[in-house]
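Q: no sequence for this one, just the structure:
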């Protein structure tokens, strides 16, 4: 038990000193009518019960006084409530919207759409967002604005997520494959709201992007990205799931975006299937790009999954789903309960007992 105004407890010894002095001095020379009513003097002190009955009014008065002093000190008790919660996961699906994804009911785009919708409907308790990426020109390291966008910030509204998935179309931002930009905007979708709060007027998406572009360059400057990570804190329980049918040939290198994800504690799951179209890269460049992506993905704690066909994506996505299941867990929060009311109730009950003895029980002929 804790007391808000503990100084009031100093009244307790003072009260007993005054009471003891009064008992031995002033009150001893005059009738204590408020303590010993005439009815009490009629009680025969011939047995223990009678003696206890005689002492009840005085004990009640002492107890009431102490309870009121304790109530003035505003006592509180602290406890820790425990309850069961479902730990929700936050996913962002990042869609490859390059030319090779195609159009029509038999296209890779449509098949991925069906697989993603099935995932969303199975994970109704989770929070899901949608991004898409493509690219407006060949050239890794070539910065072209608008290669990737957030179509839906993470939400629990299944209908809105489904509408965002259905809105993705091939070549909606260009013909090429800017995987790094897709990962970057997916991370933004997961942290944007919190970043704006903690960074305030210093929030600057372009400056953050500049920091990531500078990784490995002579002009490398990661100060702003690290400051943001420090202010936001760990973002575990948030995931990027990226779909692609090709190798990146445009925009930000994926490992740079995944460096930022790793710093935040986010996992990036990379789901790939063989491209049906040209990438504009020679076999050696494609091999290097793949090795780079595999290593960067694993460093985030994510999974690199690859299928020879788009139909093979469904079981791969099941692997991701099994790895990131929502968990039932115990949670708790501290609670404080004010005990003033309880003390006042006890004081009132003792006062009623006092009145009962003085005016009813003690006057019953014995």
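A: Happy to help now that I have it. What you see is a predicted model; the values in this text were computed from it and never measured.
Q: contacts, neighbours, all on C-alpha from now
A: Fine.
Q: contact partners of the strand or helix carrying residue 115?
A: In this assignment (DSSP states H and E), residue 115 forms part of helix 108-122. Helix 108-122 is contacted by residues 97, 101-105, 128, 158, 161-162, 165-166, 169-170, 310-311, 313-314 when judged by CA atoms under 8 Å, 6 or more residues apart in numbering.
Q: strands of this protein, start to end?
A: Taking DSSP state E as the criterion, the chain contains strands spanning 2-3, 75-87, 90-96, 127-133, 139-140, 148-155, 238-244, 250-251, 267-273, 304-307, 327-338.
Q: how about TSV for those strands, with distance to residue 295 added?
A: What follows is those, written out as TSV (distance: least, CA to CA, whole Å):
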stretch	distance to residue 295
strand 2-3	55
strand 75-87	29
strand 90-96	19
strand 127-133	21
strand 139-140	18
strand 148-155	23
strand 238-244	15
strand 250-251	19
strand 267-273	11
strand 304-307	9
strand 327-338	28
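Q: now those strands in TSV, with distance to residue 258, mean pLDDT and mean neighbour count?
A: Below are the strands of the chain laid out as TSV (distance: least, CA to CA, whole Å; pLDDT from 0 to 100; neighbours: other CA atoms under 10 Å):
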stretch	distance to residue 258	mean pLDDT	mean neighbour count
strand 2-3	49	72	16
strand 75-87	24	64	13
strand 90-96	14	93	27
strand 127-133	16	94	28
strand 139-140	16	59	17
strand 148-155	15	94	22
strand 238-244	10	93	25
strand 250-251	14	82	27
strand 267-273	7	92	23
strand 304-307	13	90	17
strand 327-338	26	61	11
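Q: which among those strands is found nearest to residue 218?
A: strand 139-140 (17.3 Å; CA to CA).
Q: what's the burial count for residue 74?
A: Taking other CA atoms under 10 Å as the criterion, the count of residues near residue 74 is 19.
Q: contact partners for it?
A: Applying CA under 8 Å, 6+ apart to residue 74 gives the contacts 3-6, 338-340.
Q: name the nearest of those relative to residue 220.
A: residue 4 (54.3 Å).
Q: so that closest one sits against residue 71, correct?
A: No: with contact defined as CA atoms under 8 Å, residue 4 and residue 71 do not form a contacting pair (10.2 Å).
Q: quick one: which of the contacts of helix 108-122 sit in helices?
A: Cross-referencing the contacts of helix 108-122 against helices under DSSP state H gives 158, 161-162, 165-166, 313-314.
Q: most neighbours among those, which one?
A: residue 165 (25 neighbours).
Q: what sits against it?
A: 113, 116-117, 130.
Q: in JSON lines: these, plus distance to residue 355.
A: Converted to JSON lines, the contacts of residue 165 look like this (distance: CA to CA, whole Å):
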{"residue": "113", "distance to residue 355": "79"}
{"residue": "116", "distance to residue 355": "75"}
{"residue": "117", "distance to residue 355": "74"}
{"residue": "130", "distance to residue 355": "73"}
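Q: so which of those wins on neighbours?
A: Counting neighbours by other CA under 10 Å, the top entry in these is residue 130, with 28 neighbours.
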